[in-house]
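In: Need coordinates for the following:
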Amino acid sequence: MLKSIDVLIGLSVVMLIGSFVVTMLTHAVTTLVNTRGRHLFRGVADMIRHLDPSMEQKIAEEISSSVLKNPMVSGISRHFASVVSREELTTLLLDFSAGTGVQKLSEPSLAALRGALQKNQVSDPEQTLSNIRDLALRLEQSNPELANNVRMSMAIVHEAPSAFVAKINAWFDQTIERVRLRFTASTHAITFVLALFTAVAVQMDTLAIVNRLYADSALRQKLIENAAKVSADLAPGISPTTTTPKSTASPAPSTDQGTTLNDRVLSDVDAILGQSGVFSVPAWKWVQLGGFLPLPAWSSFTMQKLLGVLLSAALLSLGAPFWYETLKTTLKLRSSLAESDDAQRLVRQTTQQPSPSPDDGSNGAAAPAVPRLTEAGNLNAVG
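Out: Okay, the predicted model is just below:
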């Protein structure tokens, strides 16, 4: 049982290291492609088009793009903003329709937006926006304790009681929830693709890793020794060498190499995995498959290895948090099992006095005390 737990600990360490790589790649890809902003762009376009079902999809997308690329929403990036508030969306649509802002819509889009607001009881967007800002300013003077979004929400509801505001308020939360679900689903897909790429790139075969951990006690012991360090070093807010939260602890002295304990632990684990051959980067060669494609030149390829790589991709896509929790749980379980084994071993190695039997003639008398084991009779004694 203890050996199986040790194998699971070793596998958790391997998967945790691999999951970090996949997580960093996923973050880089989602940031570069701006998947969150693109899903939000689609959701805002759907809301705008529902204001006037006769509006063309192309026009709704242009308005949505103008909202999410507005400097007050997107910040320094020219990508779609990943977050927009309900109040920002309402005021920007009024601002675009009034034509008073820095950003301008094309004539067809401006006419379509004004027509949609007209159909939803906003006949004068410029005056409505001015009234909203004036009331928000008065609320800040009279109630400075209110948050800015609360003041703007109260001003919009009070100064623009229209079907336009009612529809935006009714649809916004549901739309953002659908955007979140679509973003989560797309991120899971990207994570699996990158996990598969990572598993193929380093020939990560879970079945072979498990067999290697069962057979190689030295590798298993090395991973177990580093597992506790990795678990402690990755604990949120806890330093690996002390129980003081990082927010209140003094900074650790820097070394000559400028590395932290976390860097050293991870480099040690990487070295162990690299030297043992658990991770190995194969050479790449160009293969003609309807065109020249770079493929890894594996030393051997079997159906079992293919299944092991696919299993590795599935396990890596579970994410670093999952393997971190698994590592913590298995370390606790191993500690309990080790203590139990030590106690049982001590019982087996200690001379036991049998309990008196009712018919042995002792009439229930207490058994003589067993003398303590001297060093000469103790098998565990050293020297």
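
In: okay, CA-based contacts and neighbour counts for the rest of this
Out: Fine.

In: From Val13, how far out is Thr329?
Out: Plainly put, Thr329 is 12 Å away from Val13 if you go by Cα to Cα, to the nearest Å.

In: Which one's more surrounded, these two?
Out: Neighbour totals were compared for Thr329 and Val13, and Val13 leads with 25 against 12 (other Cα atoms under 10 Å).

In: Next, the contact list for that one, please.
Out: By Cα atoms under 8 Å, 6 or more residues apart in numbering, the contact list for Val13 reads Leu223, Ala227, Trp323, Leu327.

In: model confidence over the helix or strand containing the third one, on average?
Out: Pointing back at Trp323 there. Element membership of Trp323, judged by DSSP states H and E, is helix 320-349. Mean per-residue pLDDT for helix 320-349: 74.

In: Stretch 204-222 too?
Out: Mean pLDDT, stretch 204-222: 83.

In: May I see the ChimeraX selection of the buried members of the contacts of Val13?
Out: With 16 or more other Cα atoms under 10 Å as the burial test, the buried ones among the contacts of Val13 are selected in ChimeraX as follows:
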select :223,227,323,327
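
In: Looking at the contacts of Val13, which is nearest Glu107?
Out: Trp323 (54.3 Å; Cα to Cα).

In: separation between that closest one and Leu16?
Out: Shown here: Trp323 relative to Leu16, a distance of 5 Å by Cα to Cα.

In: got it, and Leu68?
Out: Taking Cα to Cα as the measure, Leu68 falls 36 Å from Leu16.

In: ok, now Thr128?
Out: Counting by Cα to Cα, the gap between Thr128 and Leu16 amounts to 55 Å.

In: Ser162 versus Ala227, what's the distance?
Out: Taking Cα to Cα, one finds Ala227 at 61 Å from Ser162.

In: same thing with Asn226?
Out: Counting by Cα to Cα, the gap from Asn226 to Ser162 is 63 Å.

In: all helices for the stretch 51-200 of the chain, in order.
Out: Counting by DSSP state H, counting those that start in this stretch, the stretch 51-200 of the chain has these helices, from start to end: 57-68, 71-74, 86-98, 107-119, 125-142, 148-159, 163-201.

In: List the buried residues for the first one?
Out: It stands for helix 57-68. In helix 57-68, counting by 16+ other Cα under 10 Å, buried: Ile59, Ala60, Glu61, Ile63, Ser64, Ser65, Ser66, Val67, Leu68.

In: Columns pLDDT on top of those, output as a markdown table?
Out: Formatted as a markdown table, the entries for the buried residues of helix 57-68 read as follows, by pLDDT from 0 to 100:
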| residue | pLDDT |
| --- | --- |
| Ile59 | 94 |
| Ala60 | 94 |
| Glu61 | 94 |
| Ile63 | 93 |
| Ser64 | 93 |
| Ser65 | 92 |
| Ser66 | 92 |
| Val67 | 91 |
| Leu68 | 91 |
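
In: and of the residues you listed, the nearest to Met204?
Out: Taking Cα to Cα as the measure, Leu68 is the one of the buried residues of helix 57-68 closest to Met204, at 41.1 Å.

In: From what I see, that closest one and Ser85 are in contact.
Out: No. Because the distance of 10.7 Å does not satisfy Cα atoms under 8 Å, Leu68 is recorded as not touching Ser85.

In: picking up where we left off before, now tabulate the buried residues of helix 57-68 in TSV and tack on distance to Gln174.
Out: What follows is the buried residues of helix 57-68, written out as TSV (distance: Cα to Cα, whole Å):
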residue	distance to Gln174
Ile59	22
Ala60	19
Glu61	19
Ile63	20
Ser64	17
Ser65	20
Ser66	22
Val67	19
Leu68	18
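
In: so which two of these are the farthest from each other?
Out: Of all pairs drawn from these, the widest gap by Cα to Cα lies between Ile59 and Leu68 and measures 14.4 Å.

In: Show me the contact partners of stretch 20-39.
Out: Contacts of stretch 20-39 from elsewhere in the structure, counted by Cα under 8 Å, 6+ apart, are 79-83, 179, 182-183, 186-187, 190-191, 194-195, 198, 316-317, 319-320.

In: out of these, which are buried?
Out: Those of these that meet the buried threshold are 79-82, 179, 182-183, 187, 190-191, 194-195, 198, 316-317, 319-320, by 16+ other Cα under 10 Å.

In: between the helices of the stretch 51-200 of the chain, which one is nearest to Lys3?
Out: When those are ranked by proximity to Lys3 (Cα to Cα), helix 163-201 comes first, at 25.6 Å.

In: rewinding a little: the more surrounded of Thr128 and Leu16?
Out: A side-by-side neighbour count of Thr128 and Leu16, using other Cα under 10 Å, places Leu16 first with 25 against 18.

In: Surely that one is in a helix?
Out: Yes. Note on Leu16: a helix contains this position according to DSSP: H, G, I helix; E, B strand; the rest coil.

In: Would you enumerate the residues in contact with the closest residue to Glu159 other than its chain neighbours?
Out: In this structure, Glu159 finds its nearest non-sequential neighbour in Ile132, 5.7 Å apart by Cα to Cα, 6 or more residues apart in numbering. The contact partners of Ile132, by Cα under 8 Å, 6+ apart, come to Met152, Ala155, Ile156, Glu159, Ala160.

In: Let's see that with 6 Å instead.
Out: If you count contacts by Cα atoms under 6 Å, 6 or more residues apart in numbering, Ile132 has them with Ala155, Ile156, Glu159.

In: Reformat those residues as a markdown table; add distance to Ala28, neighbour count and pLDDT.
Out: Written out in a markdown table, the entries for those read as follows (distance: Cα to Cα, whole Å; neighbours: other Cα atoms under 10 Å; pLDDT from 0 to 100):
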| residue | distance to Ala28 | neighbour count | pLDDT |
| --- | --- | --- | --- |
| Ala155 | 40 | 23 | 94 |
| Ile156 | 38 | 23 | 93 |
| Glu159 | 43 | 18 | 91 |
